[in-house]
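*Asks:* build me a model from this:
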Amino acid sequence: MGLIARAIEEAGIPTVCVVMNRDITDNVKTPRALYVHFPYGAPLGPAGQPDTQMAVIRAALAVLVSATEPGSIIASDIEWPL
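*Replies:* Residues are numbered from 1 along each chain as shown. Model prediction:
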């Protein structure tokens, strides 16, 4: 996904990726990323948890605005709900 984001950025469209693996994200040089410590397959949170999902989306949009340095990976403080 990071490679696609780079191509989109080259076309002048800002992107942010919600990621679950920092190492891969760093290696492909994703332009901006929000790292969530969630299980694979659920980057926005568990199904049926709209509050968690909206929190991740809001955090991703905040990264889109605040991360001005290319390759920024911002760690989220949102926890997986029990």
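
*Asks:* and residue 62, helix, strand or coil?
*Replies:* Look at residue 62: counting by DSSP: H, G, I helix; E, B strand; the rest coil, its state is helix.

*Asks:* just the strands from the chain, written as ranges.
*Replies:* 17-19, 32-35, 72-75 (DSSP state E).

*Asks:* what's the shortest one packed up against?
*Replies:* Taking 3 or more Cβ pairs under 8 Å, 6 or more residues apart in numbering; DSSP states H and E as the contact definition, the neighbouring helices and strands of strand 17-19 are helix 2-10, strand 32-35. Where you see a C-beta, it was placed from the backbone N, CA and C, and this is true even at glycine.

*Asks:* next up, the contacts around the residue nearest the centre of the chain.
*Replies:* When Cα atoms, centre = their mean is applied to the chain, the residue found nearest the centroid is residue 18 (2.1 Å). Neighbour list for residue 18: 33-34, 36, 43-44, 56, 60 [criterion: Cβ atoms under 8 Å, 6 or more residues apart in numbering].

*Asks:* what's the PyMOL syntax to select whichever of these are buried?
*Replies:* The buried residues among the contacts of residue 18 can be selected in PyMOL (16 or more other Cβ atoms under 10 Å) with this line:
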select buried, resi 33+34+36+43+44+56+60
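
*Asks:* in the contacts of residue 18, find the pair that's most separated.
*Replies:* The most widely separated members of the contacts of residue 18, counting by Cβ to Cβ, are 33 and 44 (14.1 Å).

*Asks:* per-residue confidence for residue 16?
*Replies:* With respect to pLDDT, residue 16 scores 95.
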